[in-house]
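Undergrad: make a model of this:
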Amino acid sequence: MTGEETTISFDYGRPAASSPGVTVRGRWESGRWVEIVSTDARDWPETTSLDSGSELAESPPVSGGGWRRDLPFRWEVGVYLALFVVALGMRMYDLGGRAVHHDESLHGYFSWLLFNGSGYSHDPLMHGPFLFHITAGSFFLFGDNEFSLRLAPALFGAVLILTPLLLRKRLGNVSALLITGMLTFSPSLLYFSRFARNDIFVAVWTVVLVAMVWRYMDDRRPRYIYFTAALVALGFATKETQYIVVALVAIPLFVMARSDVLGWVWGRRKISEWNPAGGMLVVIVTLTLPMIGAVSGLLQGTLGLTLANDDVTTGLPLGVADGTGEIVAVVITTFLIVFAAVIGLMWDRRVWLIGFAIAASIFVVLFSSVFTNWGGLASGLWQGLGYWVAQQDVARGGQPDYYYVMLTSVYEFLPATIGLIGAVYYAFKGDAFTRFLAYWPLATFAAYSAAGEKMPWLEVQVVLPFIFLAGKALGDLLSTLHWRPSLARGGYYVFVGVPIAVIVLWRLIFLDDDQPGLGGLEVAARAVVLFGVLALLAVGLFWLTRCIGS
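TA: Just a heads-up that it's a prediction; the model follows:
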């Protein structure tokens, strides 16, 4: 051992994260988590504040006065297994019994063509090739029927509920279990786990990507870079919403690494010296750069070029470049690839090259339809984004800007409400990770609301980060609240009154005037009740805030 080290073992699960400046290494031994805690200054993180622009500290340890943080290890494993079995059963039961949706019919038909040997050509209208290849594989193994059409999304939906385990160290045991439960029973996630579309795949890639980012910032192991590279490529091979996912992850990474980035811009710091957030930013951005050239299509009217065709009467596929625009597209894409390679090699030659090779291999195999359609590489690099640049103003679906407010309030009221409260709390009292959790759902909601096309299956991406935020907030509350003294001071009034107030508030806001109950009150009476309910909620939340950590 170096410096000052102490070996600590725990009978019941993994403990809360260590304090800043303390390096923790550990492993499972005979059902016990054994840790070596080092206070050697050489192991300390460089910085611990989001405001400093660098890597952030772990979540603070939970107060010992709260609800028991750790279940016995075998009990905890049992709970996860039980939830997984329930989730799998809910997603597999009568999977082929429902009529095939229009989009499912398209995905099934072109997957069937691939399965029958007729090949597959990438078309961004139906998003990336991953869905078609995995569905064709399902047809090969289990026959071409409605069950096998939806089998892959159902399995991914079941796997999704276990993804909180990847962030268990950051989330805490209680929060991770709560998030797993919410993912299991979420109406939106359940429905679209039984639906032959790409969205549940994107959900899995997104959560695992977020987990790899934070795990890399914890211990800087190159393997997390390699997983990240694979996830970036799989995301683009699945659906073009990966552009939104990448942007949402890159923004907080830039905030954490901004001092390094600005230092490099002004010639005061080398890219190879960037902190872990900066390194992860380099990987994600450089792997994405070759894919963003088609955004230049937004300027094609000014330039007088066809960079992303938006005129169906030309006979050209939407989103493709044509004429001189095709030459410009090749030049732009080549420049972006070279620029990305230069930046990546300046950061870490070996790690970046391995990551790039992993991402490129996945991209080539899927977009070329396993080396049978080389034109798919060009459509993947350019037309995938170009198509949706051309479609942005079309706004397919014709939904209003508040579309996801409506969907979320109806189907995902619980995680949205708890998540919004948690976002306010973490904005003032959170650490780096919890502030990221607060940012993630709000930024996701804003991004999908701003997108031209709004569809019900995109609710999967909207609710997913709300579930993680709500589970973390609720888990922290359960773990830090001093229950006995709080109840002794009359806290049970709040625990009974606040849920009732929320239900009343819901009915006041969303019921029509001609329906019975509170929705039928006169306007003046409704206003009085509404202000009373809001006051009760405010008092209850204030009391809970005062109790946390007291």
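
Undergrad: run a quick neighbour tally on residue 447.
TA: A total of 17 residues lie near residue 447 under the criterion other C-beta atoms under 10 Å. The C-beta positions use only the backbone N, C-alpha and C, and glycine is treated the same way.

Undergrad: count the residues that sit near residue 326.
TA: Neighbours of residue 326 under the rule other C-beta under 10 Å: 16.

Undergrad: repeat for residue 260
TA: By other C-beta under 10 Å, neighbour count at residue 260 equals 24.

Undergrad: and it, what pLDDT?
TA: The per-residue pLDDT reported for residue 260 equals 93.

Undergrad: could you do residue 358 as well?
TA: Predicted confidence (pLDDT) for residue 358: 98.

Undergrad: likewise for the one 10 residues further on?
TA: On the pLDDT scale, residue 368 is placed at 95.

Undergrad: same deal with residue 51?
TA: pLDDT, read off for residue 51, is 41.

Undergrad: swap in the one 3 residues further on?
TA: For residue 54, the model assigns a pLDDT of 40.

Undergrad: which parts of stretch 246-259 are buried?
TA: Neighbour-count burial for stretch 246-259, counted by 16 or more other C-beta atoms under 10 Å, picks out 246, 248-250, 252-259.

Undergrad: same check, this time on stretch 123-133
TA: 123-124, 126-133.

Undergrad: which of those residues lies closest to residue 528?
TA: Nearest to residue 528 among the buried residues of stretch 123-133, counting by C-beta to C-beta, is residue 127 at 50.2 Å.

Undergrad: least confident secondary structure element in the chain?
TA: strand 5-10 (a mean of 43; mean pLDDT, DSSP states H and E).

Undergrad: quick one: residue 153 from residue 183, how far?
TA: Distance of residue 153 to residue 183, computed by C-beta to C-beta, to the nearest Å: 14 Å.

Undergrad: how about residue 390?
TA: Separation of residue 390 from residue 183 (C-beta to C-beta): 35 Å.

Undergrad: in the stretch 451-550 of the chain, which ranges drop under the pLDDT threshold?
TA: Within the stretch 451-550 of the chain, the segments meeting pLDDT under 70 span 481-495, 497-498, 501-502, 504-527, 529-531, 533-534, 536-537, 540-550.

Undergrad: show me what the strand or helix carrying residue 85 packs onto, helices and strands only.
TA: Element membership of residue 85 [criterion: DSSP states H and E] is helix 73-92. Packed against helix 73-92 by the contact rule (3 or more C-beta pairs under 8 Å, 6 or more residues apart in numbering; DSSP states H and E) you find helix 146-160, helix 173-185, helix 187-193.

Undergrad: select, out of these, the one closest to residue 346.
TA: With C-beta to C-beta as the measure, helix 146-160 is the member of the helices and strands packed on helix 73-92 nearest residue 346 (36.4 Å).

Undergrad: the closest one: which residues count as buried?
TA: Those would be 146, 148-160, for helix 146-160 by 16+ other C-beta under 10 Å.

Undergrad: residue 137: which of the helices and strands packed on helix 73-92 is closest?
TA: Of all those, helix 146-160 sits nearest to residue 137, with 8.0 Å by C-beta to C-beta.

Undergrad: and the angle from that closest one to helix 73-92?
TA: Using axes from the mean of the first three to the mean of the last three C-alpha atoms, to 10 degrees, the inter-axis angle of helix 146-160 relative to helix 73-92 is 150 degrees.

Undergrad: pLDDT averaged over helix 146-160 - what is it?
TA: In this model, helix 146-160 carries a mean pLDDT of 97.

Undergrad: and after that helix, which helix or strand comes next?
TA: Beyond helix 146-160 on the C-terminal side, the first helix or strand identified by DSSP H and E is helix 168-171.

Undergrad: where do the strands of this protein begin and end?
TA: Remark: strands assigned in the chain by DSSP state E are 5-10, 23-29, 32-38.

Undergrad: other SSEs contacting the helix ranked longest in the chain?
TA: Counting residues, the longest helix found in the chain (DSSP state H) is helix 324-367. Judged by 3+ C-beta pairs under 8 Å, 6+ apart, helix 324-367 is in contact with helix 222-236, helix 276-288, helix 375-378.

Undergrad: now with 10 Å?
TA: helix 130-142, helix 222-236, helix 276-288, helix 300-303, helix 375-378 (3 or more C-beta pairs under 10 Å, 6 or more residues apart in numbering; DSSP states H and E).

Undergrad: now do it against helix 276-288, angle only.
TA: Going by the same axes, to 10 degrees, helix 324-367 makes 110 degrees with helix 276-288.

Undergrad: grab the nearest non-local neighbour of residue 250.
TA: Among residues not flanking residue 250 along the chain, residue 284 sits closest, at 5.6 Å (C-beta to C-beta, 6 or more residues apart in numbering).

Undergrad: could you measure the one you found against residue 365, distance?
TA: 21 Å.

Undergrad: equivalent analysis for residue 113, please.
TA: 19 Å.

Undergrad: what does residue 116 give?
TA: Separation of residue 116 from residue 365 (C-beta to C-beta): 20 Å.

Undergrad: likewise for residue 129?
TA: Relative to residue 365, residue 129 is positioned 9 Å away (C-beta to C-beta).

Undergrad: what of residue 325?
TA: 28 Å.

Undergrad: these two: which has the busier surroundings?
TA: More crowded of residue 325 and residue 365, by other C-beta under 10 Å: residue 325, with 20 against 15.

Undergrad: test my guess that the more buried one contacts residue 310.
TA: No: taking contacts as C-beta atoms under 10 Å, residue 325 lies outside contact range of residue 310: 12.0 Å.

Undergrad: which neighbours do these two have in common?
TA: 297, 300 (C-beta atoms under 10 Å, 6 or more residues apart in numbering).

Undergrad: which residues touch residue 157?
TA: Contacts of residue 157 by C-beta under 10 Å, 6+ apart are 87-88, 90-92, 150, 183-184, 186, 189-195, 200-201, 203-204, 460.

Undergrad: who are the contact partners of residue 338?
TA: The contact partners of residue 338, by C-beta under 10 Å, 6+ apart, come to 289-290.

Undergrad: give me the pLDDT for it.
TA: Among the per-residue scores, residue 338 shows a pLDDT of 97.

Undergrad: and residue 232, which of the helices and strands packed on helix 73-92 is closest to it?
TA: Proximity to residue 232, assessed across the helices and strands packed on helix 73-92 by C-beta to C-beta, is greatest for helix 146-160 (17.7 Å).
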